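A.B. asks: with the sequence up front, the predicted model follows.
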Amino acid sequence: MNASKQRQPNLFVEISHFLISNKLTALLLVTILISALCVVQITHLTRQQLILQDELLQQRDELDLQWRYLVVEEEFYSQHARIEEIAKMQLEMKRPTSKDEQVIVLP
């Protein structure tokens, strides 16, 4: 049984000896591992930025909708002011004063 253990190589020891004897291969392996970790980190940051972009686009759409409602409201109030101006200038109308008002009391 001892002889069969000797015949099977220890994989970790073999890889370690190989990497120590081949420094260029070890350097390339470390470079690949660092590169893979960088890819994972950049992918994570990219996904965070995409989520932020989606949130900002949604906020932009909400603000655009709110702005449209405000434009419609402004147009509504500007029409009222325009009508009042035409009534004053062209028709010479004016708001009644308190002297011109009459109160009618119903029994």
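C.D. replies: Yep, it's here.

A.B. asks: report the mean confidence score over whichever helix in the chain runs longest.
C.D. replies: Ranked by residue count under DSSP state H, the longest helix found in the chain is helix 23-89. The average pLDDT for helix 23-89 rounds to 92.

A.B. asks: any idea how many residues pack against residue 26?
C.D. replies: Residue 26: 14 surrounding residues under other CB atoms under 10 Å. (C-beta placed from N, C-alpha, C; glycine too.)

A.B. asks: contact partners for it?
C.D. replies: 19, 20 (CB atoms under 8 Å, 6 or more residues apart in numbering).

A.B. asks: same deal with residue 65?
C.D. replies: For residue 65, counting by CB under 8 Å, 6+ apart, there are no contacting residues.

A.B. asks: for it, give its distance to residue 71.
C.D. replies: 11 Å (CB to CB, to the nearest Å).

A.B. asks: cool, residue 106 as well?
C.D. replies: Computed with CB to CB, the distance linking residue 106 and residue 71 is 44 Å.

A.B. asks: neighbour count winner among those two?
C.D. replies: Neighbour count, other CB under 10 Å: between residue 106 and residue 71, residue 71 has more, with 10 against 3.

A.B. asks: where does residue 94 land in three-state SS?
C.D. replies: coil (DSSP: H, G, I helix; E, B strand; the rest coil).

A.B. asks: what number of residues lie near it?
C.D. replies: Number of residues near residue 94 (other CB under 10 Å) recorded here: 9.

A.B. asks: quick one: it and residue 100 touch, right?
C.D. replies: No: Residue 94 is beyond contact range of residue 100, at 9.3 Å (criterion: CB atoms under 8 Å).

A.B. asks: touching, residue 18 and residue 12? I think so.
C.D. replies: No: the pair residue 18 / residue 12 is not scored as a contact, 10.8 Å apart, by CB under 8 Å.
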